[in-house]
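K.L.:
please find the sequence and the predicted model below.
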Amino acid sequence: MTSEELARLLEPAIEGLGYELCDLEAKLGGRDGVLRIFIDKPDGIVLEDCEKVSRQISAILDVEDPLPGQYALEVSSPGLDRRLSKPAHFERFLGEVVKIKLRMPLDGRRNYRGTLVAANEENIEVEVDGQAHSLPIKTIELARLVPSL
């Protein structure tokens, strides 16, 4: 089962509990497999939220048994340097500083760090040193918020 298929399986239950599935990482194989689920809600995540979602996901995974081998389930908040992957994530964090890595160079450049100034279903716009760069979301390998401390 791919990460996308797994997300489609788990997302309705997570949303039903009042949370957003922000990201999912599945590193499976052998005895050291890990399934990491990152959740969020408008007023933030506390330990009890993670426990609640973990119990619900564990029940689904026990019944559906979609993953081979042994693995540890981890549920947590996305953190200050949260990963952005959906158009809604980019729209939510307009005005924030982001770090972007593209799958392939665009105009000779693969890495960007700047202010997220626009976003829609297909593209984001990042301002780096006063210059705007339009980046198709489908070309993004990794996008993260840059925490301001």
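P.N.:
Alright, I've got the coordinates. A quick note: this is a predicted structure, and the numbers were derived from the prediction, not measured. Residues are numbered from 1 along each chain as shown.
K.L.:
nearest spatial neighbour of residue 87, skipping sequence neighbours?
P.N.:
residue 121 (4.9 Å; CB to CB, 6 or more residues apart in numbering). (Glycine included, C-beta is placed from N, CA and C.)
K.L.:
break this structure down into its domains, please.
P.N.:
3-76, 87-145 (automatic domain parsing).
K.L.:
coming back round to it: for the residue nearest to residue 87, helix, strand, or coil?
P.N.:
Assigned by DSSP: H, G, I helix; E, B strand; the rest coil, the conformation of residue 121 is coil.
K.L.:
thinking it is in contact with residue 86, fair?
P.N.:
No - contact criterion CB atoms under 8 Å: residue 121 and residue 86 do not qualify, at 9.7 Å.
K.L.:
could you pull out the helices for the protein?
P.N.:
Under the criterion DSSP state H, the chain contains helices at 3-16, 47-64, 87-92.
K.L.:
how about the shortest one: buried residues?
P.N.:
So that's helix 87-92. 89-90 (16 or more other CB atoms under 10 Å).
K.L.:
other SSEs contacting that helix?
P.N.:
strand 109-119 (3 or more CB pairs under 8 Å, 6 or more residues apart in numbering; DSSP states H and E).
K.L.:
tell me which residues are up against the strand it packs on.
P.N.:
Under the criterion CB atoms under 8 Å, 6 or more residues apart in numbering, residues 87, 90-91, 93-102, 104, 124-129, 132-133, 135, 146 lie in contact with strand 109-119.
K.L.:
pull out the buried members of the residues you listed.
P.N.:
Neighbour-count burial (16+ other CB under 10 Å) applied to those gives 90, 93, 97-100, 102, 124-126, 133, 135.
K.L.:
may I see those organised as CSV, with pLDDT added?
P.N.:
What follows is those, written out as CSV (pLDDT from 0 to 100):
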residue, pLDDT
90, 96
93, 94
97, 96
98, 97
99, 97
100, 97
102, 96
124, 97
125, 97
126, 97
133, 95
135, 96
